[in-house]
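Novice: Show me how the following folds:
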Amino acid sequence: MLATNGVLRNTLGVNLGPKLFGAVHEGFGGKLRVAISAGSRFDADVALDFHKLGFTILQGYGLTETSGAATATYEDDNRIGSVGKAMNGIEIKINEPDNEGVGEVFIKGPMVFKGYYNNPTANAEAFTEDGFFRSGDLGKLVDGHLYIVGRGKDVIVLPSGKNVHPEDLEVHYLKCPMVAELAIIGIEDESEGRSGAEKLAAVVVPDFEYLKQAKIANSKEAIRHALDSLGRELPEYWRVRDYIIRQEILPRTATRKIKRFQLKQEVESGEVTTEAKETKTWELSSGDELMLQTPTAKAVIVAIRQNAKDGDVIHPSMSLELDLGLDSLARAETFAALEQAFSTEFDGDEAATALTVANVIELVNKHGGETAEIASVDLNWGKIVREADDDFPEVRGVLKDRPLFGAFAFTIYKVFWLIFKIFLRLEVSGKENLDRTMKIEASKDKNSSFDIHNSSFIICPNHQSFLDPFVICSNYPFRLFKNIFHVGASEFFNNGLTRYIAKLLNVVPVNPDTELMRAMKAGAIGLKAGKVLNIYPEGERAFDGELHGFKKGAAILAAELDVPIVPIAIDGLYKVWPRNSWRIRPAKVKMMVGKPFYAKDVAGGNGHDDDAYTAVTAHLKKVIADMIADMRQ
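Specialist: Okay, here's the model as predicted:
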């Protein structure tokens, strides 16, 4: 109905808005004939929505130096997005317009001020020789209608020579519901060969209330992903690559304009960085001091300090992520350490809303922390995975043998394989590594070998698309296929239908960001039962085809349960089904199966500590990176 009324107004001059959207009009008093906007930029999309609803929005444009409005829109000639035509006696022109007609707005007329008092230097800069006032605003004229696109001093000139108007970008990126405020600025590009050039950066203030309600624990990662996705809707040169996330509101003028120059100075001076660390003075109230003296709080502080980048000072109000620097893995390991110390398991949704130190203390107390006997806060993954038992129903379902369904699913996957072969020109190499008993020649145990069809092991592919598991599993032989299980992100299996699909596909839905211990136990239970775990070390899809950071869950399971890892590299699927898109595009896809290896052959030291897990994870990433490079040659 919105679109219909918009067309009627634009073509026939008929406005059915008050009838179609009467409740909305009543909210404005029911008799609002016209509204006038001036003093600041009015979003054209918002104005268009009001127009379609049946409201008439008129705009005026001027500056303090023009004693009020220099242009105005008229009810019988109202172009949405324009600030109107020059008023009587006023002359508007665009100085040195570019290819798109955009240039600085010059204004001349009796309402323009005479000059700055006793400041001839400023007057010389403000006026042209023929008496036009330089407004400092950028705009264009279309059939006499003025369109303002931004402030000249705010324009960011990129190395390519392209001009970027930050306000246009801000409107687009503010579509992200996780963002409360956002400012686009140009900062010095320090990359090689870019000396003196500027690059786009966004200073972002998260909407913490939304994040809490949506149970998003890792705000920095979630916001970066969302903004990256929005960026892909823009031309390449408009895409923001650097995000500075801060808690403080953006500095603004009395008229609510962002103080971009101040923000730019803060970022370039290091006062605000991409790590979002801001200098603050933390004062403890008497209540804070009492809270931090409890045994629960002391255990929480120890767990946080083991993982925090900035844990010297800990205050109950500190954000785990923005103040203490806990990324998704560090946060997950902090919660896992507390679960182990207090012999409990946190509900994933509850853990996701624990954003501050005080929230974590309250969560632990809720799970009996005040009365529980506290074990060591040192996280012992070996103990956790080796002692994991069948203690939740999702895993019990994975352990069941379902030969009939397995045969049916295998047939469906082979149909997928044929489709992939024809339409994606799927090319697979190294498949022999999945078809026979493998001898791991690099093993310290010279006789080390395992039957790939009758042994537990971990398959670790890189992650580019939702199609990854279908493409990869469609290439498995049946004896392997029937033993496969997955630990998948619960956000994709959160209703009855998707939970049923997860059960059919042998997926254990777990949120690894808030239920890391549960995820690790699920993997361990399946492996100890003779199953094969398919796990993506990146933990997320790569939208650019490059490898992202690898998490160490696979390395921990491989080291502690002494099972081999089979690396798989896949390339091209990020083009077929990109992240945050439902459009399938044809593209060449390649897959390579690598040779299996044991963690003990890669890890240094005793093979059962964090250094060992890190070494195995790094080795796995390098192997997959090398395979991708080989496929791209």
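Novice: And for residue 623, nearest residue in space, chain neighbours not counted?
Specialist: residue 567 (4.8 Å; Cβ to Cβ, 6 or more residues apart in numbering). Glycine gets a C-beta too; all of them are placed from N, C-alpha and C.
Novice: Share the number of residues neighbouring residue 68, please.
Specialist: 12 (other Cβ atoms under 10 Å).
Novice: Okay, and the beta partners of it?
Specialist: Here residue 68 sits in beta bridges with residue 63, going by DSSP bridges.
Novice: what about residue 508, how many neighbours?
Specialist: Neighbours of residue 508 under the rule other Cβ under 10 Å: 26.
Novice: Pretty sure it sits in a strand.
Specialist: Yes: Residue 508: assigned to a strand according to DSSP: H, G, I helix; E, B strand; the rest coil.
Novice: tell me the phi and psi of the residue nearest to residue 623?
Specialist: Backbone torsions for residue 567, taken as degrees, to the nearest 10, come to phi -80, psi 140.
Novice: And residue 616, by the same measure?
Specialist: Dihedral angles for residue 616 - degrees, to the nearest 10 - are phi -70, psi -40.
Novice: again with residue 245
Specialist: Per degrees, to the nearest 10, the backbone of residue 245 is at phi -100, psi 130.
Novice: and residue 383, what element?
Specialist: Element membership for residue 383 (DSSP states H and E) is helix 381-386.
Novice: Any idea how many residues pack against the residue nearest to residue 625 when sequence neighbours are not counted?
Specialist: Once flanking residues are discounted, residue 625 sits nearest to residue 547: 5.6 Å by Cβ to Cβ, 6+ apart. When neighbours are counted by other Cβ under 10 Å, residue 547 registers 18.
Novice: Give me the distance between residue 547 and residue 23.
Specialist: In this view, residue 547 and residue 23 are 52 Å apart by Cβ to Cβ, to the nearest Å.
Novice: picking that back up, would you mind measuring from the residue nearest to residue 625 to residue 239?
Specialist: Counting by Cβ to Cβ - residue 547 and residue 239 are separated by 20 Å.
Novice: per-residue confidence at the spatially most central residue of the chain?
Specialist: The centre of the chain sits closest to residue 225, judged by Cα atoms, centre = their mean, with a distance of 2.1 Å. Listed pLDDT for residue 225 reads 84.
Novice: Output the helix or strand hosting it as PDB, nothing but the C-alphas.
Specialist: Per DSSP H and E: residue 225 is located in helix 219-231. Provided in PDB are the C-alpha atoms of helix 219-231 (Å, rounded to 0.1, in the frame of the first residue of the first chain):
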ATOM      1  CA  SER A 219      29.900  -7.900  19.500                       C
ATOM      2  CA  LYS A 220      33.100  -7.000  17.700                       C
ATOM      3  CA  GLU A 221      33.000 -10.000  15.400                       C
ATOM      4  CA  ALA A 222      29.300  -9.900  14.800                       C
ATOM      5  CA  ILE A 223      29.400  -6.200  14.000                       C
ATOM      6  CA  ARG A 224      32.400  -6.500  11.700                       C
ATOM      7  CA  HIS A 225      30.700  -9.400   9.800                       C
ATOM      8  CA  ALA A 226      27.400  -7.400   9.500                       C
ATOM      9  CA  LEU A 227      29.200  -4.300   8.200                       C
ATOM     10  CA  ASP A 228      31.300  -6.300   5.800                       C
ATOM     11  CA  SER A 229      28.100  -7.800   4.400                       C
ATOM     12  CA  LEU A 230      26.500  -4.300   4.000                       C
ATOM     13  CA  GLY A 231      29.700  -3.200   2.400                       C
END
